[in-house]
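Peer 1: Structure for this input, please:
(chains A, B, C and D)
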There are 2 protein chains.
Amino acid sequence: MKTRDKILLSSLELFNERGERNVTTNHIAAHLAISPGNLYYHFRNKSDIIYEIFLEYEKLVDFYLDIPEDRAMTLDDMTFYLESVFDGLWSYRFFHRDLEYLLDSDQRLRQDYRDFTNRCLASISRIFEKLAEAGIIEPQEEDLRSAMSLNVWLVITNWMAFLKTAHAAEASACLTLTELKQGIYQVLTLEIPYLTPAYRERVMALREKYRPSLHELGDTGTGVCK
Amino acid sequence: MKTRDKILLSSLELFNERGERNVTTNHIAAHLAISPGNLYYHFRNKSDIIYEIFLEYEKLVDFYLDIPEDRAMTLDDMTFYLESVFDGLWSYRFFHRDLEYLLDSDQRLRQDYRDFTNRCLASISRIFEKLAEAGIIEPQEEDLRSAMSLNVWLVITNWMAFLKTAHAAEASACLTLTELKQGIYQVLTLEIPYLTPAYRERVMALREKYRPSLHELGDTGTGVCK
DNA sequence: GTATTATTAGAGTATATACTCTAGTGAGTC
DNA sequence: GACTCACTAGAGTATATACTCTAATAATAC
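Peer 2: Okay, here's the model as predicted:
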């Protein structure tokens, strides 16, 4: 693998594990056993690395959130979207953690992320529309649909942050993809009142699969993870 | 005013304005025109300052979220809770921005914040219960109510982060309390399907007051603020 | 007044951080 | 063999950051 790609990969790994704030360019170089100079040959600065990683993330989500317009939407589609989005969130989880700082230090990223958000919101809204066309949820007026989409976006993008703060032990290490996907339970909670009688039972059963196992917040957080 | 209190006040101000990450203890001291040594006489370290500020924040929210158990809940009560919570969020807005990092660097804060979250979630759930008792929303089973409360919490605590990332110009400066309170519109969106016919119109009218004025996300962000 | 304590200034320190500079190395090309 | 050029090592730098230390001053108690 090329050094440039190795740098991106290691950076992502370290960022996810420790948080962008706690990972320096020197750490990244050391982790790869290359020199800082080498790293700076491939990237102008730390922001550049982060921006490249964002582009990957963006590509991934755009790929998953491509809505097929030639056929009706199914429950399986919806499940797929939810699973994919949370997978993506997991793989690039450092990103939302330090989002504000990252956007403040890179205008290019700020602009791109804004566009990205708008695309995601449009996709979510389109999904709701198609779910209504398929008779899975009741159709809603555009106003309500976009407000709902925004709420879905807020829940999705901040579920992980919530989990980390709810944990008693140190945030970064303890967190599983399974726990993360309990966010799907929360998203489906938003849909409940809009489900059609024909689909209500099926969606509720789907939701049940993602239900948090225990009283999460109450755990004493022994911290035996990793 | 005592130096100690001045330090807390200035710190909060600077943190809110520039983000905790961008404010050093030296900045705080300089801003107050006192020496770093003086600052460290009053606080062991930066975390200590943050922790004290958190305690203030906690006290404020706990005060506002005290639910009177001797009488029924009114719509005005609900409005008051929403307004107060967003006011608090505004006054201590640096806090949620760097939350994960802050919790990672102070175990005491982590534990206290976890308890704080649980209290807030309980309060939100209790508010829903009392709104149902008052005939404003339909009563729901506990499971659903707590999942809904969690969604409300997610929307409330992350609305500002969303606004900042949606803005085109630099995040910190441009943001008004008015914009922030459009979060209330989003929270009320969550309640819509559960409203009783008797109150539907009134709540919808209330919600309308907080509706975002323009197509927020679409603005070009000239950045003329501050 | 004197002793004690609380408060403050300000220089200083150890460490970290992002990044630069110079001097290469090695694989391919002609 | 000379030349190019992408790539790499590693020492080095300017600056920042959290925090410490000492000495001095102001406030208070007796």
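Peer 1: C-alpha only now, for contacts and for neighbours.
Peer 2: Noted.
Peer 1: show me where pLDDT drops low in chain A?
Peer 2: A:169-174, A:214-226 (pLDDT under 70).
Peer 1: one more time with 80
Peer 2: Applying pLDDT under 80 to chain A flags the ranges A:1, A:167-178, A:213-226.
Peer 1: and the gap between the residue nearest to the spatial centre of it and chain B?
Peer 2: Nearest to the mean C-alpha position of chain A, counting by C-alpha atoms, centre = their mean, stands residue A:89 at 2.4 Å. Residue A:89 sits 16 Å away from chain B, going by C-alpha to the nearest C-alpha, to the nearest Å.
Peer 1: That residue: what's its closest spatial neighbour, skipping adjacent residues?
Peer 2: Closest residue to residue A:89 apart from its sequence neighbours, by C-alpha to C-alpha, 6 or more residues apart in numbering or on different chains: residue A:157 at 7.6 Å.
Peer 1: One more: residue A:6?
Peer 2: residue A:32 (7.7 Å).
Peer 1: re the thing from before, could you say which helix or strand contains the residue nearest to the centre of chain A?
Peer 2: For residue A:89, the host element (DSSP states H and E) is helix A:75-91.
Peer 1: Then residue A:102?
Peer 2: Under the criterion of DSSP H and E, residue A:102 resides in helix A:99-104.
Peer 1: Centre of the chain to that helix, how far?
Peer 2: Taking C-alpha atoms, centre = their mean, to the nearest Å, the mean C-alpha location of helix A:99-104 is offset from the chain mean by 16 Å.
Peer 1: Likewise for stretch A:135-149?
Peer 2: For stretch A:135-149, the distance to the chain centre is 22 Å (C-alpha atoms, centre = their mean).
Peer 1: what do you get for stretch A:4-12?
Peer 2: Distance, stretch centre to chain centre, for stretch A:4-12: 20 Å (C-alpha atoms, centre = their mean).
Peer 1: and what of stretch A:10-24?
Peer 2: The answer for stretch A:10-24 is 17 Å, by C-alpha atoms, centre = their mean.
Peer 1: can you list the residues that contact that stretch?
Peer 2: Outside stretch A:10-24, the residues that touch it by C-alpha atoms under 8 Å, 6 or more residues apart in numbering or on different chains are A:28, A:31-32, A:49, A:53, A:91-95, A:97-98, A:172-173.
Peer 1: Buried by neighbour count, from those: which ones?
Peer 2: Neighbour counting by 16 or more other C-alpha atoms under 10 Å in any protein chain shown classes A:28, A:32, A:49, A:53, A:92, A:93, A:94, A:95, A:97, A:98, A:172 among the contacts of stretch A:10-24 as buried.
Peer 1: Go ahead and confirm residue A:153 touches residue A:121.
Peer 2: Yes - with contact defined as C-alpha atoms under 8 Å, residue A:153 counts as touching residue A:121 (7.0 Å).
Peer 1: where's the most far-flung residue of chain A relative to its centre, which helix or strand?
Peer 2: Distance from the C-alpha centroid of chain A, by C-alpha atoms, centre = their mean, peaks at residue A:37 (32.7 Å). Using DSSP H and E, residue A:37 sits in helix A:36-42.
Peer 1: List the buried residues for that helix?
Peer 2: For helix A:36-42, the neighbour count (16+ other C-alpha under 10 Å) marks residue A:39 as buried.
Peer 1: Next one: the helix or strand following that helix, is it in contact with DNA strand C?
Peer 2: Elements were assigned by DSSP H and E; along the chain past helix A:36-42, the next helix or strand is helix A:46-64. Yes - contact of helix A:46-64 with DNA strand C (C-alpha under 7 Å from any atom of the strand) involves A:46, A:47.
Peer 1: Show me what helix A:46-64 packs onto, helices and strands only.
Peer 2: helix A:3-18, helix A:75-91, helix A:107-133 (3 or more C-alpha pairs under 8 Å, 6 or more residues apart in numbering or on different chains; DSSP states H and E).
Peer 1: and with 10 Å instead?
Peer 2: Contact here means 3 or more C-alpha pairs under 10 Å, 6 or more residues apart in numbering or on different chains; DSSP states H and E; on that basis helix A:46-64 packs against helix A:3-18, helix A:36-42, helix A:75-91, helix A:93-97, helix A:99-104, helix A:107-133.
Peer 1: what angle sits between the last one and helix A:46-64?
Peer 2: Direction vectors for helix A:107-133 and helix A:46-64, defined by axes from the mean of the first three to the mean of the last three C-alpha atoms, to 10 degrees, enclose an angle of 20 degrees.
Peer 1: Flag every buried residue along helix A:107-133.
Peer 2: Those would be A:109-118, A:120-132, for helix A:107-133 by 16+ other C-alpha under 10 Å.
Peer 1: near DNA strand C, anything from that helix?
Peer 2: No - judged by C-alpha under 7 Å from any atom of the strand, helix A:107-133 and DNA strand C are separated, with a smallest distance of 14.0 Å.
Peer 1: what residues do residue A:153 and residue A:121 have in common as contacts?
Peer 2: The overlap between the contact sets of residue A:153 and residue A:121 (C-alpha atoms under 10 Å, 6 or more residues apart in numbering or on different chains) consists of residue A:147.
Peer 1: Please verify my assumption that residue A:137 contacts residue A:74.
Peer 2: No - between residue A:137 and residue A:74 there is no contact under C-alpha atoms under 10 Å: 11.3 Å.
Peer 1: Those two - which one has more neighbours?
Peer 2: residue A:137 (22 against 14; other C-alpha atoms under 10 Å in any protein chain shown).
Peer 1: okay, now residue A:197: neighbour count?
Peer 2: For residue A:197, using other C-alpha under 10 Å, the count is 12.
Peer 1: before we move on, what about the one 5 residues further on?
Peer 2: Residue A:202 has 14 neighbouring residues, counting by other C-alpha under 10 Å.
Peer 1: contacting residues around residue A:123?
Peer 2: Applying C-alpha under 10 Å, 6+ apart, the residues near residue A:123 are A:62, A:65, A:66, A:67, A:117, A:129, A:149.
Peer 1: separation between it and DNA strand D?
Peer 2: According to C-alpha to the nearest atom of the strand, to the nearest Å, residue A:123 and DNA strand D sit 38 Å apart.
Peer 1: Same check on residue A:1?
Peer 2: Distance of residue A:1 to DNA strand D, computed by C-alpha to the nearest atom of the strand: 9 Å.
Peer 1: what's the answer for residue A:68, then?
Peer 2: Between residue A:68 and DNA strand D the distance is 38 Å, computed by C-alpha to the nearest atom of the strand.
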